[in-house]
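Chemist: any chance you can model this:
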Amino acid sequence: MASAMINPILPVFVVTILHEGYDKLGFIVAVATFISYALRLVSGYISDRYGIVKPLVAGGYLLSAVSKPLIAFSHGYQSVALLRGLERLGKGVRSAPKDLLISLYAKRKEEGKTFGFHKTMDIGGELSGTLIGFVLLYYLGQNETVIRNIFLATLIPGVIGVTIVLFFVKDAPKNRAFGYSFHITAEDRHVVKMLAFYFLFVLFLFSDAFFTMRAKTAGFETFMIPLLFVVSTATQTLISYPVGKLIDRYGVRYLLAAAYLSGVIAQLLLLQGSVIAIWIAYAFLGVFTVTSLNANRAYIARYATNKGSVYGIFYAGVALFGAVGALVSGYVWEYFGMRDALLLALGGSAAVWILYMRYDDV
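Modeler: Sure, this is the predicted structure:
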């Protein structure tokens, strides 16, 4: 909820209120993406090697809860990048241990359904956050003061989330053996090879921030931006659990193919640029996001030996490729224009989808 209150308006805050360029926005996204995902490799290894799980989850939520509100006091892209990086550091610390915790309590051959249920609750929180952001902007205005106060207000759901983790979430089972003869196995390497397609797709895919600014260039008012995110999050909420069950029933191959195709279609609709096309693009972005995440996380849970570490590798790969992709998108948009940035994203992601369809070892 807290993250979704600020995600739709942060790019607008950077570009239109702080008057920074698209290249600076790309830099902020790159820093946040890299920190958020790269640290998951470390935290996943710590969870596997030393059995430290819930403390990492709780500490990560606490760091994010404290750093989000401080963005309200930023007056340049450097401070936004720093605070956004700290906020994503919290997510990086908690994410791989959290996925490990879920996988440890999931029943065999029900991993897709379990992660689907988790994502449903996760996106339900995001949906409420985007609706709160819309209501505040609609009734209080779209000025700088209101936007900064929304950043401050994220402290409330952040503290509630930390409290829930501390007092209502069980730690990893005590009979779980950690650290014994730890090494990356052949099964782990096979899983990572399949994840490479996701990494390449993330390299080209427009990030949420650039989806937002494409909507602004198409004429959307700031208060409408959260409603676009509502379309994406509502789509994810509705399909997450059914997608999880389909993963359990049919495996990941067909679901990932559909996810990658949805990402391509979303960017094609952005290129078309009409108001209705952008609304639909956000729905397809939601399909891509929830289907690809559920499928990859369930695949790791089912086939990886060192699950925490492979989740860490998964997120570290997203960190590297997502950060590079954001830097490139921002640079191309700033110096060559929005259309060229979109054509690069569309062409690259379509090529990755074609390569994946020819891959037969999933």
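
Chemist: helix, strand or coil: sort out Gly348 for me.
Modeler: Per DSSP: H, G, I helix; E, B strand; the rest coil, the secondary structure class of Gly348 is helix.

Chemist: so what's it up against?
Modeler: 203-204 (C-beta atoms under 8 Å, 6 or more residues apart in numbering). Every residue, glycine included, has its C-beta placed from N, CA and C.

Chemist: what distance do you get for it to Val264?
Modeler: 10 Å (C-beta to C-beta, to the nearest Å).

Chemist: could you check how many residues crowd around Tyr45?
Modeler: 18 (other C-beta atoms under 10 Å).

Chemist: any low-confidence regions in this protein?
Modeler: 175-183, 360-362 (pLDDT under 70).

Chemist: please repeat the previous calculation with a cut-off of 80.
Modeler: 36-41, 44-45, 48-49, 108-110, 112, 173-184, 308-309, 312, 315, 360-362 (pLDDT under 80).

Chemist: tell me the centre residue of it?
Modeler: Thr289 (7.7 Å; C-alpha atoms, centre = their mean).

Chemist: excluding its backbone neighbours, what's nearest that one?
Modeler: Gln236 (6.1 Å; C-beta to C-beta, 6 or more residues apart in numbering).

Chemist: got a list of what that neighbour touches?
Modeler: 119-120, 123, 126, 286-287, 289-290.

Chemist: need the three-state assignment for Lys109.
Modeler: Lys109 ends up coil, using three-state DSSP.

Chemist: show me where this structure has its strands.
Modeler: Using DSSP state E, no strands are found in the chain.

Chemist: contact partners for Phe210?
Modeler: So, once contact is read as C-beta under 8 Å, 6+ apart, Phe210 ends up touching 11, 25-26, 29, 326, 329-330, 333, 341.

Chemist: quick check, nearest of the residues you listed to Leu18?
Modeler: Leu25 (9.7 Å; C-beta to C-beta).

Chemist: how near is that closest one to Ala350?
Modeler: 24 Å.

Chemist: what's the answer for Ala215, then?
Modeler: For Ala215, the distance to Ala350 - C-beta to C-beta - is 22 Å.

Chemist: do Val318 as well
Modeler: Distance from Val318 to Ala350, by C-beta to C-beta: 20 Å.

Chemist: ok, the two, which is more surrounded?
Modeler: Val318 (25 against 19).

Chemist: look up how far Arg148 lies from the more buried one.
Modeler: 30 Å.

Chemist: repeat for Ile35
Modeler: 23 Å.

Chemist: more neighbours, these two?
Modeler: Ile35 (21 against 17).

Chemist: returning to what we had before: which of the contacts of Gln236 sit farthest apart?
Modeler: Glu126 and Val287 (15.0 Å).

Chemist: neighbours of Asn143, how many?
Modeler: 11.

Chemist: just use 3 as the starting number from now, easier for me
Modeler: Sure thing, new numbering starts at 3, so read that last one as Asn145.

Chemist: end-to-end on stretch 332-346?
Modeler: End-to-end distance of stretch 332-346 (C-alpha to C-alpha, to the nearest Å): 12 Å.

Chemist: what lies in contact with it?
Modeler: Counting by C-beta under 8 Å, 6+ apart, 23-29, 31-32, 206, 208, 212, 215-216, 219, 269, 272-273, 330-331 sit against stretch 332-346.

Chemist: next one: stretch 89-96
Modeler: 34-35, 37-42, 45, 58-67, 69-70, 73, 317, 321.

Chemist: state the distance from Thr132 to Ser45.
Modeler: 27 Å.

Chemist: what does Glu336 give?
Modeler: 34 Å.

Chemist: show me which of those two is the more surrounded one.
Modeler: Ser45 (28 against 16).

Chemist: contacting residues around the nearest residue to Gly221 once chain neighbours are set aside?
Modeler: The spatially closest residue to Gly221, leaving aside those adjacent along the chain, is Val277, at 7.1 Å (C-beta to C-beta, 6+ apart). By C-beta under 8 Å, 6+ apart, Val277 lies in contact with 220-222.

Chemist: export these to a markdown table and tack on distance to Thr307 and neighbour count?
Modeler: Formatted as a markdown table, these follow (distance: C-beta to C-beta, whole Å; neighbours: other C-beta atoms under 10 Å):
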| residue | distance to Thr307 | neighbour count |
| --- | --- | --- |
| Ala220 | 47 | 15 |
| Gly221 | 51 | 11 |
| Phe222 | 47 | 18 |
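
Chemist: switch the residues you listed over to a markdown table; also include distance to Lys176.
Modeler: A markdown table is the format used below for the contacts of Val277 (distance: C-beta to C-beta, whole Å):
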| residue | distance to Lys176 |
| --- | --- |
| Ala220 | 54 |
| Gly221 | 57 |
| Phe222 | 51 |
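
Chemist: now, which of those sits nearest Gly53?
Modeler: Phe222 (47.7 Å).

Chemist: hang on, the closest one packs against Tyr284?
Modeler: No - counting by C-beta atoms under 8 Å, Phe222 does not reach Tyr284; the two are 10.8 Å apart.

Chemist: residues shared between the contacts of those two?
Modeler: Leu230.

Chemist: what sits closest to Ile241 if chain neighbours are left out?
Modeler: Using C-beta to C-beta, 6+ apart, the nearest residue to Ile241 is Val292, at 6.2 Å.

Chemist: residues contacting that neighbour?
Modeler: Neighbouring residues of Val292 by C-beta under 8 Å, 6+ apart: 121, 125, 237-238, 241-242, 245.

Chemist: can you rerun that using 10 Å?
Modeler: 117-118, 121-122, 124-125, 234-235, 237-243, 245-246, 261, 264 (C-beta atoms under 10 Å, 6 or more residues apart in numbering).
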